[in-house]
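Participant: How does the following fold in three dimensions:
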Amino acid sequence: MAKKVPLSDAALELVARRFAVLAEPMRLRLIQALFEGEKHVNALAEEAGGTQANVSRHLQTLTQAHVLSRRKEGLQVFYAISDPSIYKLCELVCGSLEKQAAKQVEAFE
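Facilitator: Numbering: from 1, shown residues only. Predicted coordinates for the structure are as follows:
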């Protein structure tokens with residue numbers, strides 16, 4: 001296996017910003033809701049359990065971070081996941097947490 005070159009300070013700053021964007025439970029709920037495909041703001045607000053204004057603010061943050069894309073159709077704004085690595089990242093983190101939880105359950109049996 002080839003040795004990886006350490007990331008520069010600028011690259012590490014970008015990585016930290018990406019994790020900061022994802023470090024908000026409401027944003028993760030919105031991303032999860034979009035795993036099924038594109039949805040409009042009102043549907044996302046209902047599914048994520050937030051107000052339209054709050055959800056719109058989080059969607060804007062995710063869009064500015066290039067995690068989501070948006071398109072307008074009439075008065076409706078639709079969002080979709082634009083960064084395919086998000087699927088793999090969520091799968092990796094959730095899978096790791098499931099394994100940890102399973103080990104904790106085993107320890108108490």
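
Participant: my guess is L30 meets L44, correct?
Facilitator: Yes. Contact criterion CB atoms under 8 Å: L30 and L44 qualify, at 5.7 Å. Where C-beta positions appear, they are placed from N, C-alpha and C, glycine not excepted.

Participant: which neighbours do the two share?
Facilitator: 55, 59, 79 (CB atoms under 8 Å, 6 or more residues apart in numbering).

Participant: returning to what we had before: compare L30 and L44 and say which is more crowded by neighbours.
Facilitator: Per other CB atoms under 10 Å, whichever of L30 and L44 has more neighbours is L30, with 26 against 22.

Participant: how far out from the middle of the chain is the one helix or strand the more buried one maps to?
Facilitator: In this structure, L30 sits in helix 25-34 according to DSSP states H and E. Chain-centre distance of helix 25-34: 6 Å, with CA atoms, centre = their mean, to the nearest Å.

Participant: From the contact counts, what lies against that helix?
Facilitator: helix 9-22, helix 41-48, helix 52-64, strand 68-73, strand 76-81, helix 85-107 (3 or more CB pairs under 8 Å, 6 or more residues apart in numbering; DSSP states H and E).
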